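Colleague: below is the sequence, then the predicted model.
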Amino acid sequence: MSEKFTVARLTRENEHFEILVKPNKALEYRNGKISSITEVLAAETVFSDANKGTKVSEDAMTKAFKTVDPLKIADEILKKGTLQLTTDQRRKMIEDKRRQVIDFISRQAVDPKTNLPHPPLRIENAMEQIRYAIDPYKAIEEQAKDIVKLLRPILPLKVEQVKVAIKIPTQHAARAYGTIKTLGTIKHEEWRGDGSWYGELELPAGAYASLLNKLGDATKGSGEAKII
């Protein structure tokens, strides 16, 4: 298959359904960036084998999708099936996922000697030594867990949670609360009579420095935080 077009496929009711699509448009459609299915399709035809040009029967489409409308069927195939990626798309997805994994490890893990997070560049350099093959479809957390185990012999890493007591003064409480609650798990909170907020937040130790920065920005430096 030429990289000008690629295939999206779905198996249902023991039948294979394939559509021929424009690769970049198909990925955008699948990620919700465009909504017009006609922009995606190279042909408004449902195949059993797109490479051979073999079309699916109307009976098979009706049995599997309750319709013979190729646009409705194509929508289901793109959203629920598998999309064959081009070489460039796969390379970009792997690189994006690699960056996300590095960022995740930097936020979740700390150097046990200093209790400070390792800079992303240090983690990236260490990952080059272990030659871990990033899977573009595998969850970030799952891959990060495997990578941390492999990195420990060459890069000291400790993954732990810390609990932080936070105080937000009245004038910034409503705005800052929206920021704080996204940074970890609130274990205890109370809105006080003067409108200020106190809470205890559990988060990865590596994310503590980021919490301090964001709390400072949201409260113009008037918020308080300390590990308890």
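Modeller: Yes, it's here. Numbers count the residues shown, from 1 in each chain.

Colleague: contacts for the worst-scoring helix or strand of the chain on mean pLDDT, please.
Modeller: Sorting the helices and strands of the chain by mean pLDDT, DSSP states H and E puts strand 158-159 at the bottom, at a mean of 82. Contact with strand 158-159 is made by 108, 109, 110, 111, 112, 115, 148, 204, 205, 206, as judged by C-beta atoms under 8 Å, 6 or more residues apart in numbering. C-beta here means a position set from N, CA and C on the backbone, and glycine is covered the same way.

Colleague: how close does the residue nearest the centre of the chain get to residue 152?
Modeller: Nearest to the mean C-alpha position of the chain, by C-alpha atoms, centre = their mean, lies residue 140 at 6.9 Å. To residue 152, residue 140 is 19 Å away according to C-beta to C-beta, to the nearest Å.

Colleague: quick one, domains of this protein?
Modeller: 6-83, 87-158, 161-227 (automatic domain parsing).

Colleague: the closest residue to residue 200 other than its chain neighbours in helix, strand or coil?
Modeller: Counting by C-beta to C-beta, 6 or more residues apart in numbering, residue 200 lies nearest to residue 188, which is 4.3 Å off, once chain neighbours are set aside. Using DSSP: H, G, I helix; E, B strand; the rest coil as the criterion, the local structure at residue 188 reads strand.

Colleague: then residue 18?
Modeller: Secondary structure, three-state DSSP: residue 18 is strand.

Colleague: count the neighbours of it for me.
Modeller: 23 (other C-beta atoms under 10 Å).

Colleague: in the sheet, who's paired with it?
Modeller: Beta-bridge pairing for residue 18 (DSSP bridges): residue 9, residue 47.

Colleague: does it touch residue 11 like I think?
Modeller: No - applying C-beta atoms under 8 Å as the test, residue 18 and residue 11 come out as separate, 9.8 Å apart.

Colleague: report the buried residues of the host helix or strand of residue 166.
Modeller: Remark: residue 166 resides in strand 161-168, with elements defined by DSSP states H and E. Neighbour-count burial for strand 161-168, counted by 16 or more other C-beta atoms under 10 Å, picks out 162, 164, 166, 167, 168.

Colleague: after it comes which helix or strand?
Modeller: Next along the chain from strand 161-168, counting by DSSP H and E, comes helix 173-180.

Colleague: show me what that next one is packed against.
Modeller: Contacts defined by 3 or more C-beta pairs under 8 Å, 6 or more residues apart in numbering; DSSP states H and E place helix 173-180 against strand 161-168, strand 197-204, helix 208-219.

Colleague: just the C-alphas of that helix, formatted as PDB.
Modeller: Extracted C-alpha coordinates of helix 173-180, given in PDB (Å, rounded to 0.1, in the frame of the first residue of the first chain):
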ATOM      1  CA  ALA A 173      -8.800  30.600  46.900                       C
ATOM      2  CA  ALA A 174     -11.400  30.000  44.100                       C
ATOM      3  CA  ARG A 175      -8.900  30.400  41.300                       C
ATOM      4  CA  ALA A 176      -6.000  28.600  42.900                       C
ATOM      5  CA  TYR A 177      -8.200  25.700  44.000                       C
ATOM      6  CA  GLY A 178      -9.000  24.800  40.300                       C
ATOM      7  CA  THR A 179      -5.200  24.500  39.700                       C
ATOM      8  CA  ILE A 180      -4.300  22.600  42.800                       C
END
